[in-house]
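1. Structure of the sequence below:
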Amino acid sequence: MIYRLLHDRTRLLPAPRALAPAALTLILFITIFLSGQPEGSSSARADDTGISVATSQYLYHPGDKVTFDISLDSGGQKLSGDLLLSVYAPASPAETNPFHGQPRAQLSVRKNYSLTGKDRLEFTASLKDLKAGAGGYPVRVSLVHGGKEQLGGTAWVAVIDPGAHDPLDLVLVWAVTAPPERDPRGEFTGTSLIGRCQATPRTTDTLLQERDIQQKFPGIKTTYAIEPALLEQLGALASGFTLNTSDGVKQYGADSPQAVAAAGCLDSLKQMSGAANVEFLSAPYTYTDLALLAKEGWADGDGQYRIGNDVLQNQLGLAQAPAGAYAPGNDVTTDSLRYLAVTGGQYTVLSGAARMAVKSPPELAGAQTFRLRDISGERITALFAADDASAALLGEKADPAAFFASLANAYDSGGSRLEIVSSPAPDPGLTEQQRNQVYDTLSRESWIRTLTLGEAAQKYRPSAEPATLYRYIDAVSGYISQTYFQKLQEAHGYYEGYRLAVSADEPGMMSLSRKMFTAESGYWTRPDATPGAVNRGLPYLQDITDFTQTEFSRLSIALHLPLLQGSATGEATMDVNNDDSYPVTADIVLEGDNVNFPGGGIQHVTLQPGRAQFKVAYRGSGWTRLKASIQSGGQVIVDDSATIHPISGRAWIVIIVALAALVSGAAYMLLVVRRR
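-> A predicted model of the protein is given here:
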């Protein structure tokens, strides 16, 4: 699938008079949409139209009874009718409308029920009453009057017969990240990361839950993709930090409660590194948007993963870089696949939708793993996630009941014995309480066993020859993100020129790379980016531009040509000065119209601090202008120009005669006129 750049919106804006009918139509459409949806048109959500439904547990076995907790809200209206519970055929939570066809069972919860405002009630039914065997069932509770639904809500019921099939292998891949909270100077501009590290009161996305889960459920294995920039921010907070907000600038020492909380948070993640039920994946320094990570002509993906591996090893105390790699968004392209492979990645997890980009034999259409290669031959093992289960558990609107319904369907199908669940977006919406309930349910079930991604890659090794990946992607879309992208591309040009010009060991280079990769964070470049978020990213781009221009301003070049020459053939002299304290590798370029350079017009040189001189022979056909420049990565750092003035034989005669006349006249004035 190829995403296109956002089209030119300025050409699509209608005239003010033409805009009014369109705006009224849009308002009318929104009003109709918000007023409600027809019966059976919604997917299984927790709060559909005034009724929310929850079950007493996530998973049921034959013979169990199901208790439904039903909350109703009429919005202040007085409503009445029959309250019905309908059970539909097993379906995937990913379906647009899992409530198709006639209900398998329809039970009366309350007859002639009246509601004004809010109410809450319980309803218990056996699986036999619900006509629910093994599988995942969508359930709808409706308040119906005169054959028309007035309120509705949905839930999922998952039923398992543990001995029906061989156990199901489950892989849980958790992505943990945080938006950048530092400015280019390293000062923190927010405290949300500190809040995620405080023991009380805990936030819904607390980082402390990871160690608690690992210790509380040692039999449940989890694979983590932790954003290295998050770990580096925790390390900076733990050592003492500066907080710069609209309220002023405050200093926090390493002994402050905030720094101590960050240190404890980082330690809790370090303690997990040696646990038998935990695996860490390699990850890019920031969770960069795939369009940037794989942008043609940019080598950032290599640096993102290499710096990311260094941070993971240093902050988590890992003996070596992880064998598995995490692809942001569970997606990969032909360009980005090599970054995962060349930086040590042996396997990765991809979304099920990515399977469409793999050119594989028809008999492998349902395979859970592939050995992928790009056009250059780099290879990595790809394991495909179950998109329905992934979205249900780790999506923005987490629904653990729907997650278990998808597992029940997978187990009951008797097909593939591997189910991979991976975060389609970092930091899923699952609360700490829901997370504990999910792990507690898994720990009590014998029909399912958890594996790390590495164990799954070994157990389900691809059995076929490598399949070639053909997948490309254009730049980011979205009006706000596209505006940011344009500035990002400009700053990246300066960054790339500087990166190619200096040694990787140059201290300023590592800091500049971290700023560049932070500026590429998906937090600022995603299609739904907000102006507020983008405005916090712009200082990084300005800082990168200012730094590189300042460093390059210490380079100068002066071009010298013969003042007068008998032909358009000669030698140009270029005096170059490097006032930086370190060597700079660049191209010395001499160019001009209708001029050729027998020895070549480009010299790739290393300029040591101080002065240097370069000479280049040229051959032209007449008067023309030459331009000399210092370039790096296609960027012109500094330049100078001069004009070739070839003089013909006749011109030399005229010049000589004119000079002779001038000398004679001067002699006459001195010897004759002045003497008189």
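2. So what's the residue count around the closest residue in space to P138 that isn't next to it in sequence?
-> Once flanking residues are discounted, P138 sits nearest to P98: 4.1 Å by Cβ to Cβ, 6 or more residues apart in numbering. The way it works is simple: take the backbone N, C-alpha and C, and place the C-beta from them, glycine included. Other residues within reach of P98, judged by other Cβ atoms under 10 Å, total 25.
3. pretty sure P98 is touching S86, no?
-> No: assessed by Cβ atoms under 8 Å, P98 is found out of contact with S86, at 11.7 Å.
4. mind checking pLDDT for the residue nearest to P138?
-> The model reports P98 with a pLDDT of 93.
5. wait, what's in contact with the nearest residue to D580 once chain neighbours are set aside?
-> Leaving aside its chain neighbours, D580 sits nearest to R554 (4.8 Å; criterion: Cβ to Cβ, 6+ apart). Contact partners of R554, counting by Cβ atoms under 8 Å, 6 or more residues apart in numbering, are 578-580.
6. domain ranges for this structure?
-> If you go by automatic domain parsing, the domain ranges for the chain are 51-159, 168-469, 479-551, 555-645.
7. do you know which of these lies nearest Y668?
-> Checking those against Y668 by Cβ to Cβ gives domain 555-645 as the closest, at 26.5 Å.
8. Over the closest one, what's the mean pLDDT, rounded is fine.
-> pLDDT averaged over domain 555-645 gives 89.
9. and the end-to-end length of that domain?
-> 28 Å (Cα to Cα, to the nearest Å).
10. now do stretch 497-508
-> So stretch 497-508: terminal residues 14 Å apart, Cα to Cα.
11. For it, report the contacting residues that lie outside it.
-> Applying Cβ under 8 Å, 6+ apart, the set of residues contacting stretch 497-508 is 509-510, 512-513, 547-548, 551-552, 582-586, 631-635, 637.
12. Mind picking the one among the contacts of R554 that's closest to A134?
-> Nearest member of the contacts of R554 to A134, counting by Cβ to Cβ, is D580, at 71.1 Å.
13. Work out the gap between stretch 185-205 and the centre of the chain.
-> 21 Å (Cα atoms, centre = their mean, to the nearest Å).
14. Which positions within it qualify as buried?
-> For stretch 185-205, a neighbour-count test (16 or more other Cβ atoms under 10 Å) marks 188, 190, 193-198, 202, 205 as buried.
15. what does stretch 585-601 give?
-> Buried-residue list, stretch 585-601, by 16+ other Cβ under 10 Å: 586-590, 592, 595, 597, 601.
16. Which members of these are positioned in strands?
-> Assignment to strands by DSSP state E places the following of the buried residues of stretch 585-601 there: 586-590, 592, 595.
17. Output these as CSV; include the columns distance to K111.
-> Converted to CSV, these look like this (distance: Cβ to Cβ, whole Å):
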residue, distance to K111
A586, 85
D587, 85
I588, 91
V589, 87
L590, 93
G592, 94
V595, 96
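18. Skip the chain neighbours and tell me the closest residue to L234.
-> Using Cβ to Cβ, 6+ apart, the closest residue to L234 is L266 (4.4 Å).
19. which element is that neighbour on?
-> For L266, the enclosing helix or strand under DSSP states H and E is helix 257-271.
20. who touches that helix?
-> Counting by Cβ under 8 Å, 6+ apart, 191, 193-194, 196-199, 207-208, 210-211, 226, 231, 234-235, 237-241, 252-254, 315-317 sit against helix 257-271.
21. Touching, Q368 and F384? I think so.
-> Yes: at 6.0 Å, Q368 counts as touching F384 under the criterion of Cβ under 8 Å.
22. joint contacts of these two?
-> I420.
23. so what does the helix or strand hosting D69 touch, helix or strand wise?
-> Here D69 sits within strand 65-87, counting by DSSP H and E. If contacts are counted by 3 or more Cβ pairs under 8 Å, 6 or more residues apart in numbering; DSSP states H and E, strand 65-87 sits against strand 51-55, strand 105-126, strand 135-145, strand 148-159.
24. Enumerate the sheet neighbours of it, specifying parallel or antiparallel for every one.
-> strand 51-55 (antiparallel), strand 105-126 (antiparallel), strand 135-145 (antiparallel) (DSSP bridges).
25. To G81, which of these lies closest?
-> strand 135-145 (3.2 Å).
26. Distance from the chain centre to that closest one, please.
-> With Cα atoms, centre = their mean, you get 37 Å for strand 135-145.
27. Report the buried residues of it.
-> Quick answer for strand 135-145 (16+ other Cβ under 10 Å): 135-144.
28. pLDDT and distance to S80 for these - can I get that in TSV?
-> Formatted as TSV, those follow (pLDDT from 0 to 100; distance: Cβ to Cβ, whole Å):
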residue	pLDDT	distance to S80
G135	96	34
G136	97	33
Y137	97	28
P138	97	26
V139	97	22
R140	96	19
V141	97	16
S142	96	13
L143	96	8
V144	96	10
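29. For the residues you listed, which two are the farthest from each other?
-> Of all pairs in the buried residues of strand 135-145, the most separated under Cβ to Cβ is G135 and L143 at 26.8 Å.
30. Please flag which of the contacts of helix 257-271 sit within strands.
-> Using DSSP E, these in strands are 226, 241, 252.
31. what pairs with the last one across the strands?
-> Under DSSP bridges, the beta-bridge partners of Y252 are F241.
32. didn't it look like it was pressed against S239?
-> No: with contact defined as Cβ under 8 Å, Y252 does not count as touching S239 (10.1 Å).
33. so who does T348 touch?
-> Here T348 is in contact with 281, 324-327, 332, 340, 380-383 (Cβ under 8 Å, 6+ apart).
34. Nearest residue to it in space, please, no chain neighbours.
-> Using Cβ to Cβ, 6+ apart, the nearest residue to T348 is A325, at 4.8 Å.
35. Could you tell me how far that neighbour is located from S351?
-> 15 Å (Cβ to Cβ, to the nearest Å).
36. In terms of packing, which of those two has more residues around it?
-> A direct count of neighbours by other Cβ under 10 Å for A325 and S351 places A325 higher, at 28 against 20.
37. Check the offset of stretch 504-522 from the chain's centre.
-> 16 Å.
38. Next, the buried residues of it.
-> Taking 16+ other Cβ under 10 Å as the criterion, stretch 504-522 shows 506, 509, 512-522 as buried.
39. quick one on the thing from earlier: comparing Y252 and S239, which residue is more hemmed in?
-> More crowded of Y252 and S239, by other Cβ under 10 Å: Y252, with 19 against 12.
40. how near is that one to V616?
-> 58 Å.
41. again, but for L488
-> 36 Å.
42. By mean pLDDT, flag the weakest helix or strand of the chain.
-> helix 16-34 (a mean of 38; mean pLDDT, DSSP states H and E).
43. OK, contacts around G135?
-> 90, 158-159, 405, 408-409, 412.
44. Quick check: closest non-adjacent residue to it.
-> P90 (3.5 Å).
45. Please report phi then psi for that neighbour.
-> phi -50, psi 140 (degrees, to the nearest 10).
46. got it, and A457?
-> phi -60, psi -30.
47. Which members of the contacts of G135 are classed as buried?
-> Looks like the contacts of G135 have 90, 158-159, 405, 408-409, 412 buried, using 16+ other Cβ under 10 Å.
48. Lowest-confidence one in the residues you listed?
-> D412 (92).
49. okay but I380 is in contact with L340, surely?
-> Yes: at 5.4 Å, I380 counts as touching L340 under the criterion of Cβ under 8 Å.
50. Overlap of the contact sets of those two?
-> Joint contacts of I380 and L340 (Cβ under 8 Å, 6+ apart) are 325, 348.
51. Sitting in helices, which of the contacts of helix 257-271 do you find?
-> Using DSSP state H, the subset of the contacts of helix 257-271 located in helices is 193-194, 210-211, 231, 234-235, 237-238, 315-316.
52. which residues of the protein score low on pLDDT?
-> 1-48, 361-366, 474-480, 564-568, 646-657, 667, 672-676 (pLDDT under 70).
53. number of nearby residues for F384?
-> F384: 22 surrounding residues under other Cβ under 10 Å.
54. next one: S423
-> The burial count for S423: 26, using other Cβ under 10 Å.
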